[in-house]
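> test case, fold it:
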Amino acid sequence: MSVLRSFRLWAIALVAVVGLALVAGPHASGNAARVAHLESLVRCPSCEDLSVAQSDATSAVAVRADIARAVARGLSDSQILTSLEDTYGPTILLSPPTTGIGALLWIVPVAALVALIGVVVRLFRRRDTRGEPS
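I've put the predicted structure just below:
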């Protein structure tokens, strides 16, 4: 019984040490993943419809460096994207903004889809009430 208890204590200690190492360890891979994600969201200033991650243009390299510096300083993703928008304008982001006029680009397709579904449901209900076979 004491061997089993000793094994459990060692297993708990091992899990605790590994957990602490993961939590307290360097976040270089986490930062690299954040940088890569942000680079995929930002349009190359001198290219057409390419992200800075996909482009080797000088302006794209400069934006990638700005993103990496901002992540290293500890800025949040939204702060970084807002800063880039302030510098380069709202067209720097590959996806349209979700506020203001950009919200229409998100709302209109969804509203159209809902309206289409409503029309189809209404047609099927009308067809069923007439007694026609479906």
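
> CA atoms for contacts and neighbours, from now on please.
Fine.

> show me what the helix or strand where residue 33 lies is packed against.
For residue 33, the host element (DSSP states H and E) is helix 28-41. Helix 28-41 sits against helix 58-73, with contacts defined as 3 or more Cα pairs under 8 Å, 6 or more residues apart in numbering; DSSP states H and E.

> pLDDT of the helix or strand following the helix it packs on, averaged?
Counting by DSSP H and E, the next helix or strand C-terminal to helix 58-73 is helix 77-88. The average pLDDT within helix 77-88 is 92.

> what angle separates helix 77-88 from helix 28-41?
Helix 77-88 runs at 40 degrees relative to helix 28-41, counting by axes from the mean of the first three to the mean of the last three Cα atoms, to 10 degrees.

> and the angle from helix 77-88 to helix 58-73?
Using the same axes, to 10 degrees: helix 77-88 against helix 58-73 is 140 degrees.

> just the C-alpha atoms of helix 77-88, please, in PDB.
The C-alpha atoms that make up helix 77-88 are tabulated as PDB, following Å, rounded to 0.1, in the frame of the first residue of the first chain:
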ATOM      1  CA  ASP A  77      -4.300  42.100 -30.800                       C
ATOM      2  CA  SER A  78      -7.000  44.700 -30.900                       C
ATOM      3  CA  GLN A  79      -4.500  47.400 -29.900                       C
ATOM      4  CA  ILE A  80      -2.100  46.300 -32.600                       C
ATOM      5  CA  LEU A  81      -4.800  46.200 -35.300                       C
ATOM      6  CA  THR A  82      -6.200  49.600 -34.200                       C
ATOM      7  CA  SER A  83      -2.700  51.100 -34.400                       C
ATOM      8  CA  LEU A  84      -2.200  49.700 -37.900                       C
ATOM      9  CA  GLU A  85      -5.600  51.100 -38.900                       C
ATOM     10  CA  ASP A  86      -4.600  54.500 -37.500                       C
ATOM     11  CA  THR A  87      -1.300  54.400 -39.500                       C
ATOM     12  CA  TYR A  88      -2.500  52.900 -42.800                       C
END
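
> fine, thanks again, bye for now.
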